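In: missing the sequence, but the structure's below:
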């Protein structure tokens with residue numbers, strides 16, 4: 001059965017007049033779905049996701065979504081291979097050319113955070129100003145890895161939340177952040193993601209399949225290792 005139909009069968013309720021509807025109380029419900037990996041955020045912006053519900057919005061607030069309107073949202077749903085979340089603590093201390101460092105940012109930090117590809121030139125300048133650029137090479141050391149970890153903690157993308165829900169939080173993250181406090185913003189984000197995904201998993205009524213990554217099993221990982229793992233044929237879908 002179509003996963004979207006399965007969701008409908010589980011969450012639609014009979015409203016006044018006998019019509020079955022999916023009811024959202026406010027924009028927050030829709031934002032929650034987006035932020036927790038239900039929508040393919042690489043293809044669709046949050047604005048596009050909210051706009052897709054314009055025809056269902058009520059004057060008094062909230063949304064009343066008919067079956068036809070719900071099924072139209074199928075194109076937004078994330079359905080693909082789920083990599084293990086990027087763990088900067090496993091990166092090997094090394095020097096990177098500008099092209100290599102930009103690739104690291106574009107392929108791993110950008111998809112995992114709210115950082116935009118267009119911001120990469122500024123990020124490169126920031127690391128140059130911070131003394132992490134010497135003799136034409138960018139230096140990736142513990143300080144840089146900690147900086148990556150903070151970005152992942154503070155601004156996790158919807159895809160990263162989904163990856164953590166499927167595979168669990170990287171073990172090295174708490175070490176990189178220097179804190180394991182359950183009151184941290186990252187922990188709160190993960191908890192919210194876990195709750196959301198458990199709900200979605202139950203609705204889909206299908207096992208969550210994982211894509212294995214050899215790089216995640218290594219004590220130290222190079223950019224070459226990451227790119228090699230990225231090119232391997234995937235093993236599962238959600």
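Out: Arrived safely, thanks for sending. Keep in mind it's a predicted model, so treat the numbers as computed, not measured.
In: Distance of the residue nearest in space to the middle of the chain relative to residue 166?
Out: Taking Cα atoms, centre = their mean, the centroid of the chain lies closest to residue 159, which sits 1.7 Å from it. Applying Cβ to Cβ, to the nearest Å, the value for residue 159 to residue 166 is 11 Å. For the C-beta atoms, the positions are set from N, CA and C on the backbone; glycine is no exception.
In: what's the neighbour count on residue 133?
Out: 18 (other Cβ atoms under 10 Å).
In: is it true that it touches residue 127?
Out: Yes. Here residue 133 lies in contact with residue 127, judged by Cβ atoms under 8 Å, at a distance of 6.0 Å.
In: quick one, helices of the chain?
Out: Along the chain, counting by DSSP state H, helices occupy 3-11, 27-35, 46-51, 67-71, 98-104, 110-112, 120-129, 142-154, 158-167, 172-177, 185-204, 223-231.
In: could I get those as a markdown table with mean pLDDT and distance to residue 86?
Out: Converted to a markdown table, the helices of the chain look like this (pLDDT from 0 to 100; distance: least, Cβ to Cβ, whole Å):
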| stretch | mean pLDDT | distance to residue 86 |
| --- | --- | --- |
| helix 3-11 | 88 | 26 |
| helix 27-35 | 89 | 18 |
| helix 46-51 | 94 | 22 |
| helix 67-71 | 96 | 33 |
| helix 98-104 | 95 | 10 |
| helix 110-112 | 92 | 5 |
| helix 120-129 | 92 | 15 |
| helix 142-154 | 93 | 7 |
| helix 158-167 | 87 | 8 |
| helix 172-177 | 46 | 10 |
| helix 185-204 | 39 | 14 |
| helix 223-231 | 67 | 8 |
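In: from these, which stretch is densest packed?
Out: Most buried of those, by mean neighbour count (mean count of other Cβ atoms under 10 Å): helix 158-167, with a mean of 23.
In: For that helix, which helices and strands make contact with it?
Out: With contacts defined as 3 or more Cβ pairs under 8 Å, 6 or more residues apart in numbering; DSSP states H and E, helix 158-167 has these neighbours: helix 27-35, helix 110-112, helix 185-204.
In: Name all residues that make contact with the residue lying closest to residue 58 once chain neighbours are set aside.
Out: Of all residues not flanking residue 58 in the chain, residue 64 sits nearest, at 6.0 Å (Cβ to Cβ, 6 or more residues apart in numbering). Contact analysis of residue 64 by Cβ atoms under 8 Å, 6 or more residues apart in numbering lists 15, 21, 22, 23, 56, 58.
In: Now list the buried members of those residues.
Out: Those of the contacts of residue 64 that meet the buried threshold are 21, 22, 56, by 16 or more other Cβ atoms under 10 Å.
In: and which of these is nearest residue 148?
Out: residue 22 (38.4 Å; Cβ to Cβ).
In: what pairs with the closest one across the strands?
Out: residue 65 (DSSP bridges).
In: returning to that earlier point: quick one: the residue nearest to the centre of the chain and residue 132, what's the gap?
Out: Applying Cβ to Cβ, the value for residue 159 to residue 132 is 26 Å.
In: Could you double-check that the residue nearest to the centre of the chain lies in contact with residue 42?
Out: Yes. Applying Cβ under 8 Å as the test, residue 159 and residue 42 come out as touching, 6.9 Å apart.
In: No more questions from me, cheers.
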